[in-house]
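Student: Please work out how this folds:
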Amino acid sequence: MKKVFIECCLESLNEAISAEKKGANQIELCRNLIDDGLTPDYKLVRTVIDSVLIPVKIMVRPRKGNFIYSDEEMVQIKDQISTFKSIGVTQIVFGALNKHRVVDIDHTKRAIEWSYPMQITFHKAIDYSNNFFDDIESLINLGGIDSILTSGKASTAKAGSSILREAIKNYGEDIKIISAGKITDKNLNNIHKLINGKYYHGKNILGNLS
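Tutor: Below is the predicted model of the structure:
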């Protein structure tokens, strides 16, 4: 298997330290992974970024459920981004859809403005989009989005492998496509053969971190 980039999704300091020791290239720090990840605690964020040397992304998602945010919720998101910026966070994970279930360009522009110069990964909200490929193009054209986290509109990367492969083939030169969805140390090689990507994400992608 060619060299790939491994991103570990996790919730604790011990898991972050373990991920680094096991060779992770990057960490995505969240709270409540059972709800697909919410904004983690400020103190934990500070402790983790002070304790590991590899890059750490921070999830910015104030509640579980859909990704359609009110203006009031966007104010909350702005406050979270400002707090993380103040402690040296360099990457965040964010995603928003509108009532038509396509990427909310206005909210995304606001998040880009608030977070600059931090990098942004647009997360798996895009898997719920009615215009998946069009929305990838929109995010590329928007600028300010470094990468897209996706399972190819499926519950797992394996099930979404054909869409992931197409996304990587068509857009992988313009934006990082990070494949996700039940990728583990046991199935990474096989999924990589299906997708032929570079960037892979998972909670157990390097095995059990606890």
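
Student: Just the strands from this structure, written as ranges.
Tutor: Assigned by DSSP state E, the strands in the chain fall at 5-10, 26-29, 56-59, 91-94, 119-122, 147-150, 176-179, 199-202.

Student: which residue packs closest to Asn204, ignoring adjacent ones?
Tutor: Spatial nearest neighbour of Asn204, excluding adjacent residues (Cβ to Cβ, 6 or more residues apart in numbering): Thr184 at 4.4 Å. Backbone N, C-alpha and C define where each C-beta goes, glycine included.

Student: For the one you found, grab the count of nearby residues.
Tutor: Applying other Cβ atoms under 10 Å, we find 14 residues neighbouring Thr184.

Student: just Met74 next, same as before
Tutor: By the criterion of other Cβ under 10 Å, Met74 has 18 neighbours.

Student: Kindly report the same for Ala111.
Tutor: By other Cβ under 10 Å, the burial measure for Ala111, its neighbour count, is 26.

Student: from memory it sits against Ile77, does it?
Tutor: Yes. Counting by Cβ atoms under 8 Å, Ala111 touches Ile77, with 6.7 Å between them.

Student: Spit out the residues that contact those two alike.
Tutor: 60, 94 (Cβ atoms under 8 Å, 6 or more residues apart in numbering).

Student: Rebuild the strands of the chain as CSV, extending it with mean pLDDT, mean neighbour count and distance to Ile17.
Tutor: As requested, the strands of the chain are exported to CSV (pLDDT from 0 to 100; neighbours: other Cβ atoms under 10 Å; distance: least, Cβ to Cβ, whole Å):
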stretch, mean pLDDT, mean neighbour count, distance to Ile17
strand 5-10, 98, 23, 10
strand 26-29, 98, 25, 10
strand 56-59, 98, 25, 12
strand 91-94, 98, 24, 19
strand 119-122, 98, 23, 22
strand 147-150, 98, 25, 23
strand 176-179, 98, 25, 22
strand 199-202, 98, 22, 18
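
Student: export these to JSON lines and tack on distance to Asp135?
Tutor: Converted to JSON lines, these look like this (distance: least, Cβ to Cβ, whole Å):
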{"stretch": "strand 5-10", "distance to Asp135": "21"}
{"stretch": "strand 26-29", "distance to Asp135": "21"}
{"stretch": "strand 56-59", "distance to Asp135": "20"}
{"stretch": "strand 91-94", "distance to Asp135": "14"}
{"stretch": "strand 119-122", "distance to Asp135": "9"}
{"stretch": "strand 147-150", "distance to Asp135": "9"}
{"stretch": "strand 176-179", "distance to Asp135": "13"}
{"stretch": "strand 199-202", "distance to Asp135": "18"}
